[in-house]
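Student: Based on what follows, work out the 3D shape:
(chains A and B)
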Amino acid sequence: MTDLTATSVLPRRANFDSDEMVARVKRRYRSEWRFKALGGAALVLTAVFVIAVLSDIVIKGTPAFTQHSLMLDVPVRADVVDPKGTRNPEDLRSADYFALMREALATAIPGIEGRAEKKRLSGLLSSGAGNELRDRVLADPTIIGTTVKVPLLLSDDSDIYLKGKQTRVLTVPSRGTATPSGTTGEITVLTSANDFADDLVTVKKALAARIEDEKSRLAIAEGRGESQASEVANLKDEIAALSARAHQPGVEEVLDGKMPSLMVAINGGLVKLNRISASSATGTVYIPLKSADEAAPGAWSVVTYERPESNRKTTDIEAAFLEKLRADGKVENRFNTIFFTHGDSRDAELAGILGSLVGSILMLIVTLSLALPFGVLAAVYLEEFAPKNKLTNLIEININNLAAVPSIVFGLLGLAVFLNFFGLPRSAPLVGGLVLALLVLPTIIIAARASMKAVPPSIKEAALGVGASHQQAIFHHVLPLATPGIMTGTIIGMAHALGETAPLLMIGMLAFIVDVPQGFLDPATALPAQIYIWSDLPEQAFEAKTAAAIMILLGVLLLMNGLAIWLRSKFERRW
Amino acid sequence: MTYQFFAALVLLVAAAFVVGQRRAIAVSSGQLAQLHSLPIYHGLFAAIGVFVPMLAIFVIGTPIVTWLAQTAALGLYDAKIQSDPLQSSVILRDVVSLSKGQFAGDASPELRQAADDFKNVLTTGHWVVLALSIAAGLASFAAAFGTVKLPFRARKHVERFALIVLGACAVVAILTTVGIVFSVAFETYRFFFDPSLHGKPSVAGFLFGLEWNPQAAMRADQGAISTAYGFVPLLVGSLLITFIAICVAGPLGLFSAIYLAEYATPQVRAFAKPILEILAGIPTVVLGFFAALTVAPMIRGLGEAYGLNVASESALAAGLVMGMMIIPFISSLSDDVINAVPQSMRDGSYALGATKSETIRQVLLPAALPGIVSAFMLAISRAIGETMIVVMAAGLAANLTLNPLDAVTTITVQIKTILVGDQEFDSAKTLAAFALGFVLFFVTLLLNYIALRIVRKYREQYD
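Tutor: Just a heads-up that it's a prediction; the model follows:
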């Protein structure tokens, strides 16, 4: 043992009151605070993301739960509905109810002439608008010959317009009087005060903004080089023309589809303006005026449809019709029962999830009835009866690996074996259920094994001591006690299977299936596959429907997981 | 036909069970302790004795009967037609539909005769099978009745049967893996080595090719359409998106786990755990919808505001959302390993004067490192195998790029795209999807295996 001298390597006792020591401790505490803050921030960020996803879905999906319909008085004319007068259900079913709708629409907005305008008016309705009336006539033929107030379903674009998603409508009250030159066709409206001056300025500003856009596109085109020479020349011409118009305030302006649409609501009618100057405007009458009298200040207004006509689906005349119907109180927003009672459809307003819900339920039945018995029995065998040798070791490794295999590989298995080798029908709930059962099997086996391991060995040994055989001890004592854990694992596995999409796409559930499946071999689709199909479709209305279907799916999953948690808390025993 | 069989089966089995059980009670004259096995086991023994022969006869007999009927129907035709599988299958299909009354169109007298023969043989055969199985069932019933005696070890036989059933269920799990490997490997083998397949690449061309451009089935006489099956762009796309996902999920997941394990109060834990479970439970199709309709346009708008050229299906959007998807994986696995480090190590560190963060950084994380690395590898394998998010948010263009603002495609997107189209099953394009699936299966298997080995090899044993 070495002698320790006074000048040895022993460190001197640190001076904890020195400045540098105090600063060091402060630094360490600050670093501690920063570390803790980082952890908290990570949690908060994750929570923010979850809330962002869920609220985005809810915001997008809630509008799909209501649908707009027109409540009109429809004359149920006998000569259209039942020309033979026999009240034969087949005749009643195949009558042309759309003709009656057109009549009702003509009464609601009188004075619409011209084939194109009439077509726009009847185009506001859905192709299934006659279904409600037809069902009422079939249920009660005595209404033939009377006039009934019946809801007529609007098309998906009209529905979106009425929900405010296509454009905002701004109304500016008037300052002066206005005198229209006629009640239909092309008319001019003269005002006493320069009521159109503001709009003229707005139009000029919009032109200036377009010039900026074109200039930046010109810069990009020039940057790309000589291959775009003609485009460069076109852009330059356009910019020159627009500049000429923009830099002359006060001169009359022609309105086109790329600018916000301007209308004048006067004397109960609507005029779409084509040309404006500060004090007068010329345009086409969309809704006939009641008279050509002078309108007092405040009795007429200038209406702007903010989004330009070329940027939206609903044209100005359709918007005008819808606004008039809404102002007359004929539009109703009702709960969308079609979503829950119909199968899929190419018309967004007639599409529903009933087919995919039934398909999903059938598939889950198949999955549950296959995966649960096989999984639990396999787990019992592996846990209790399997001899401890290399083969069972291999099986164990196997099962743990299967739990981590990507789900699309199970789809490949289903395609190659079930569809190709066994020749089962494509897109059937049976095949989907088989594939999902294979997917869920490892999860159930692992959960069942864990539950059985959690039962104390003393229970089994007591049973053996009383004279039970090994199988009797397991099946009469251990398994019932392990049941809550097995149930929880099964419910979580089913919830996982319900949300799986990729394997189902592989076995053909991408098809467009309208009918609700009746059996396990009928072509069907599942809810997640339906969500995927709808998310691909171009119509804007399908976005809300997809989000609404996602809300239903998440709701069902929430219920299942909640059930699992409740079961666990109620029945789980802590040994 | 099947209904009658199953009705008879259920009836006879139930009858055997009840009778066997009652007989056992009767034989013991009410003193059950004299029996070796409980009465229920005698009943089960009788039931199994009836069930197995009946089912066996049915399962073996029905295909034989069908085969006999098919031979009878085809026997009317020429030997040449009989030996051609395509023609004979067409004829058989017509015969079957005619015999069911579903045939549309005119049937030739030959076809009618064949259909009649088919129906006759089938019906007779099925009745024979049914009669045989019922006879067997009754015979077993009688035999089982005779075995019910006091010392008869019914329970032993029943338990042996039960053991066989249990073992069979466990084998099903192995069959799944065998099925996956075999079916995918078989198609992959055909993809690379089938001589009758046109347009297929070599193994090296597939693994190292830089261009992915699968075209429809090529006939032998078609000219050289540019078809390439190079796997590298897909791999790079998958890895790029996975890298972005790990950059998001790694820090967030790990720090969440550390906070939850070390710093969180029970109230915070009661709030945070459900949020993580909800995130883990959101189906990937929902996250894909969110990525495609909200995140991608947002990133595009941000990028264009800064003058960058962002594709509408950028890898960044898919990677971000995928990262959020795997946060619960990393978080819960890391939480478990950090909690598994013994308290004594923490106490020792505190005793030396370390702050909590210093303890975590210098004692706990190194101790838990193997588990954390394994968690990361499992998360990577999950991200590579993920399909729906990338299908909805990433593109189809096989770009070989490392720029996260470009559109890339991944292995899983290509598998899905190839197989939901209407390609015939045997073209090189369809088999390419199986080859991709094969590679995917093995890559994820490898990652899982490495993760497991790391944990086993480097895990500290504290007990």
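
Student: All the strands of chain B, residue numbers only.
Tutor: Taking DSSP state E as the criterion, chain B contains strands spanning B:212-213, B:228-229.

Student: can you give me how far the first one is from the chain middle?
Tutor: A distance of 28 Å separates the C-alpha centroid of strand B:212-213 from that of its chain, computed with C-alpha atoms, centre = their mean, to the nearest Å.

Student: Reformat the strands of chain B as a markdown table; add distance to B:L197, mean neighbour count and mean pLDDT.
Tutor: (Each C-beta comes from the backbone N, C-alpha and C, glycine too.) Listed next are the strands of chain B as a markdown table, based on distance: least, C-beta to C-beta, whole Å; neighbours: other C-beta atoms under 10 Å in any protein chain shown; pLDDT from 0 to 100:
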| stretch | distance to B:L197 | mean neighbour count | mean pLDDT |
| --- | --- | --- | --- |
| strand B:212-213 | 17 | 18 | 80 |
| strand B:228-229 | 12 | 21 | 80 |
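
Student: of all those strands, which lies closest to B:A367?
Tutor: The closest of the strands of chain B to B:A367 is strand B:212-213. By C-beta to C-beta, the value is 44.0 Å.

Student: and that closest one, what does it pack onto?
Tutor: Here strand B:212-213 touches strand B:228-229, going by 3 or more C-beta pairs under 8 Å, 6 or more residues apart in numbering or on different chains; DSSP states H and E.

Student: before we move on, back to that, present the strands of chain B as JSON lines; the columns should include distance to B:A394.
Tutor: Output for those, formatted as JSON lines (distance: least, C-beta to C-beta, whole Å):
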{"stretch": "strand B:212-213", "distance to B:A394": "14"}
{"stretch": "strand B:228-229", "distance to B:A394": "20"}
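
Student: The stretch 301-450 of chain A against chain B: which residues are in contact?
Tutor: Counting by C-beta under 8 Å from any C-beta of the partner chain, the stretch 301-450 of chain A comes close to chain B at A:373-375, A:377-378, A:380-382, A:385-386, A:394-395, A:398-402, A:404-413, A:415-417, A:420-421, A:438, A:441-442, A:445.

Student: Next step: those restricted to helices.
Tutor: Cross-referencing these against helices under DSSP state H gives A:373-375, A:377-378, A:380, A:394-395, A:398-402, A:407-413, A:438, A:441-442, A:445.

Student: mind listing the helices in the stretch 451-575 of chain A by residue range?
Tutor: With DSSP state H, counting those that start in this stretch as the criterion, the stretch 451-575 of chain A has helices at A:457-466, A:470-473, A:479-498, A:502-506, A:527-536, A:541-571.

Student: hmm, I was thinking of the stretch 101-250 of chain B
Tutor: Ranges of helices within the stretch 101-250 of chain B are B:109-147, B:154-193, B:203-208, B:232-258, based on DSSP H, counting those that start in this stretch.

Student: which ones are touching A:L553?
Tutor: By C-beta atoms under 8 Å, 6 or more residues apart in numbering or on different chains, the residues touching A:L553 are A:L498, A:G499, A:L527, A:P528, A:I531, B:P283, B:V286.

Student: If you could redo that for B:Y229, that was the one I meant.
Tutor: So, once contact is read as C-beta under 8 Å, 6+ apart, B:Y229 ends up touching B:K200, B:P201, B:G205, B:F206, B:G209, B:W212, B:P214, B:A428, B:A432, B:A435.

Student: pretty sure the second one is touching B:G209, no?
Tutor: Yes - look at B:P201 against B:G209 with C-beta atoms under 8 Å: they come within range, at 6.6 Å.

Student: Now the common contact residues for these two.
Tutor: Here B:P201 and B:G209 share the contacting residues B:A228, B:Y229, B:G230, scored by C-beta under 8 Å, 6+ apart.

Student: For the first one, give the beta-bridge partners.
Tutor: Translated: B:A228. Beta-bridge partners recorded for B:A228 (DSSP bridges): B:N213.

Student: low-scoring pLDDT stretches of chain A, where are they?
Tutor: Low-confidence segments of chain A (pLDDT under 70): A:1-10, A:221, A:223-229, A:246-252.

Student: Now do the host helix or strand of A:V44 against helix B:232-258, angle only.
Tutor: Counting by DSSP states H and E, the element that carries A:V44 is helix A:19-61. Relative orientation of helix A:19-61 versus helix B:232-258 (axes from the mean of the first three to the mean of the last three C-alpha atoms, to 10 degrees): 120 degrees.

Student: Which elements pack onto helix A:19-61?
Tutor: With 3+ C-beta pairs under 8 Å, 6+ apart as the test, helix A:19-61 has helix A:541-571, helix B:232-258, helix B:266-281, helix B:284-290, helix B:315-340, helix B:356-359 packed against it.

Student: which is the next helix or strand following it?
Tutor: In the C-terminal direction, the helix or strand that comes right after helix A:19-61 (DSSP H and E) is strand A:66-75.

Student: which residues sit against that following strand?
Tutor: For strand A:66-75, contacts defined as C-beta under 8 Å, 6+ apart pick out A:100-101, A:103-105, A:107-108, A:124-125, A:133, A:146-154, A:158-159, A:162-163, A:325, A:330-336, A:338, A:349.

Student: Would you format the helices and strands packed on helix A:19-61 as TSV with distance to A:G185 included?
Tutor: Below are these laid out as TSV (distance: least, C-beta to C-beta, whole Å):
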stretch	distance to A:G185
helix A:541-571	34
helix B:232-258	60
helix B:266-281	61
helix B:284-290	48
helix B:315-340	51
helix B:356-359	80
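
Student: Please work out which of those is packed deepest.
Tutor: Of all those, helix B:284-290 has the most neighbours on average by mean count of other C-beta atoms under 10 Å in any protein chain shown, namely a mean of 26.

Student: circling back: give me the buried entries from the ones in helices among the residues of the stretch 301-450 of chain A next to chain B.
Tutor: Neighbour counting by 16 or more other C-beta atoms under 10 Å in any protein chain shown classes A:374-375, A:377-378, A:380, A:395, A:398-399, A:401-402, A:407-413, A:438, A:441-442, A:445 among these as buried.

Student: List just the nearest of the contacts of A:L553 to A:V285.
Tutor: Among the contacts of A:L553, and counting by C-beta to C-beta, the member closest to A:V285 is A:I531, at 45.1 Å.

Student: hang on, the earlier thing: would you mind telling me which of the helices of the stretch 451-575 of chain A is nearest A:V514?
Tutor: Per C-beta to C-beta, nearest to A:V514 of those: helix A:527-536, 11.9 Å.

Student: what about the closest one, near chain B?
Tutor: Yes - Helix A:527-536 reaches chain B (C-beta under 8 Å from any C-beta) through A:P528, A:I531, A:Y532, A:S535.

Student: Tell me who's in contact with the most centrally placed residue in chain B.
Tutor: Chain B has B:T176 as the residue nearest its centroid, 7.1 Å off, counting by C-alpha atoms, centre = their mean. Contact partners of B:T176, counting by C-beta under 8 Å, 6+ apart, are A:L402, A:L413, A:L438, A:L441.

Student: if you set the cut-off to 7 Å instead, what comes out?
Tutor: Residues in contact with B:T176 (C-beta atoms under 7 Å, 6 or more residues apart in numbering or on different chains) are A:L402, A:L438, A:L441.
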